[in-house]
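[1] What follows is a protein structure lacking sequence information:
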Ligand SMILES: Nc1ncnc2c1ncn2[C@@H]1O[C@H](COP(=O)(O)OP(=O)(O)OP(=O)(O)O)[C@@H](O)[C@H]1O
């Protein structure tokens, strides 16, 4: 038997390894099973080039548990190691890796490192008092047994093993009893090894799916294959809307399938995240720096051996490959959306309710995406008849909806039912009003006005239809100056609880007699105040700002002005103003009660 001391400068390497990786002990399974997979794949390669002779036979990997003997064993039928190789790879290479790791990260914040550094073979010592390796090389060499109890001392001797491959026997330590339970092992295998490319057995059952969809060619997959794979990843979810198969081999390697899940109004807290793999080994579902932020709402799998997995978070952020991957994913997602939009616009429109959230969020946060998404971002007409891209809307409205500065005015409604009167008014003028009613829309509108220089958004109830598109057209009124003044004075006394500005205009006799509008700027400030900080509360506490536009050309005002009964005149005026406020949802509490009582009085002829 050969005894030796592992050539390592740090005497007590194990306590430090244990400390560093304390919170994620279960990765030892990932590391050791991946090594077993590597050994198997290497054998296949050697066989294919004729270096390994004969039939390879069954190449499956087995994990076995012996609770009584307190061991967990990982067995493969891969290339195995000769005595020289054990000495080279386990005593030198693996240890030097561990040492390098320690030198690099000594004194750093541990949380930065945990989970992003695979210590390979030596992670076995996180859970073991002693590790025994029994291995026989595919070459004609005797089998060997290597044993180490976590001190730098090891033993190496010949062993009785006739079949090719390696058994790693972990003698589980007292603190790691959890790994002597079959359920625990099974769940770790499921998490990390579910898609490894070699069959893996635990307790007589194959636990993995060796050729998951993302490793295949898109042309070999049907829609059902993609949907089935989604189900395998997220068994409880509704079917996805779309998917994108990523397949890149230059300038980096990356494959994967990203799914657009069905998400509606809110940013749901994500539990089913994108999973990151490296050569089919699960690494993490914390993909924050690799996937652009707006795509964090997607689900699926990304697999890349080029993402530096064994390093800390802060390093990942600055890594040029990661940046490239990030950009590439953005581009691919945009291209795919554009392709669906071009080839299957109807389906795209039907799914917009779900898709819109990603697209708008992406346009707000990523300028590269914005550039592409302008072509497929769509808005639906409030009457449900048409969908427009920005360019289509521009074409359809060019003649009418340009303001005096030459900007395109996009008229929108946040609540088509409640704002119905305003929409009708705008439509009567030939304007097109689109729906922008989801929770991202308020922020989206603000952002797009900054990014689209020649576009101005105006909510349909922000002004009377005549003024929605500010063209400075002069309008004639049938009233004389005195009559206008009188109306102004009558209406100025109305509007309980709101800050009122009154204007008298000569509009079409068919238009409403009085219209209450809320200036776009103030309303936006108030909307934002509902969700933001100290400046928000400043705006939130301001009274509602309302512009009351009195249509002097409406016949009712001739009657009101001619009414000799001052009380009656005032009541009629108040009712007209209240009706206008009601349509804006601004008539509340006492003001609403007064309105109802006054209406009953007027209807029953009391004065
Ligand atoms: N089951 C095995 N069969 C054959 N060789 C093995 C096996 N496990 C480990 N080895 C050898 O020991 C070496 C060291 O393993 P270790 O896991 O520490 O590092 P690695 O696999 O090279 O890198 P990583 O840090 O990514 O795991 C391997 O490169 C391989 O040559």
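    Now that the structure is in, tell me what you want to look at. The structure displayed is predicted, hence computed values, not measured ones.
[2] For the residue nearest to residue 303 when sequence neighbours are not counted, which residues are in contact?
    Nearest non-adjacent residue to residue 303, counting by C-beta to C-beta, 6 or more residues apart in numbering: residue 277, 4.1 Å away. The way it works is simple: take the backbone N, C-alpha and C, and place the C-beta from them, glycine included. Contact analysis of residue 277 by C-beta atoms under 8 Å, 6 or more residues apart in numbering lists 195, 283, 301, 302, 303, 304.
[3] at 7 Å instead, please
    195, 283, 301, 303 (C-beta atoms under 7 Å, 6 or more residues apart in numbering).
[4] Helices along the stretch 101-250 of the chain, start to end?
    Remark: helices assigned in the stretch 101-250 of the chain by DSSP state H, counting those that start in this stretch are 110-113, 182-193, 223-233.
[5] again, but for the stretch 251-400 of the chain
    Going by DSSP H, counting those that start in this stretch, the stretch 251-400 of the chain shows helices at 313-318, 320-343, 345-350, 352-365, 367-373, 390-397.
[6] State the phi and psi torsions of the residue nearest to residue 584 when sequence neighbours are not counted.
    Spatial nearest neighbour of residue 584, chain neighbours left out: residue 516 (4.8 Å); criterion: C-beta to C-beta, 6+ apart. The phi/psi pair for residue 516 (degrees, to the nearest 10) reads phi -100, psi 130.
[7] Next: residue 221.
    phi -110, psi 140.
[8] Is it correct that it is in contact with residue 211?
    No - between residue 221 and residue 211 there is no contact under C-beta atoms under 7 Å: 11.3 Å.
[9] follow-up on the earlier one: verify the contact between the residue nearest to residue 584 and residue 546 for me.
    Yes - applying C-beta under 7 Å as the test, residue 516 and residue 546 come out as touching, 5.2 Å apart.
[10] out of these two, which sits in the busier spot?
    Remark: of residue 516 and residue 546, residue 516 carries more neighbours, 26 against 22, as counted by other C-beta atoms under 10 Å.
[11] Packing partners of the helix or strand residue 577 falls within?
    Using DSSP states H and E, the element containing residue 577 is helix 566-582. The elements that helix 566-582 packs onto, with contact taken as 3 or more C-beta pairs under 7 Å, 6 or more residues apart in numbering; DSSP states H and E, are helix 481-492, strand 514-517, strand 544-551, helix 556-562, helix 589-603.
[12] Select, out of the ones you listed, the one closest to the ligand.
    The ligand sits nearest to strand 544-551 of all the helices and strands packed on helix 566-582, at 63.3 Å, using C-beta to the nearest ligand atom.
[13] Centroid-nearest residue for this structure?
    residue 297 (1.9 Å; C-alpha atoms, centre = their mean).
[14] Any figure for the gap between the closest residue to the ligand within the stretch 401-550 of the chain and residue 554?
    Proximity of the stretch 401-550 of the chain to the ligand (C-beta to the nearest ligand atom) peaks at residue 440, 41.6 Å away. Going from residue 440 to residue 554 by C-beta to C-beta, to the nearest Å gives 39 Å.
[15] Show me which residues of the stretch 301-450 of the chain are close to the ligand?
    Contacts of the stretch 301-450 of the chain with the ligand, taken as C-beta under 6 Å from any ligand atom, are absent.
[16] Pull the number of nearby residues for the residue of the chain found nearest the ligand.
    Of all residues in the chain, the one sitting closest to the ligand is residue 120 (2.6 Å; C-beta to the nearest ligand atom). By other C-beta under 10 Å, the residues close to residue 120 number 20.
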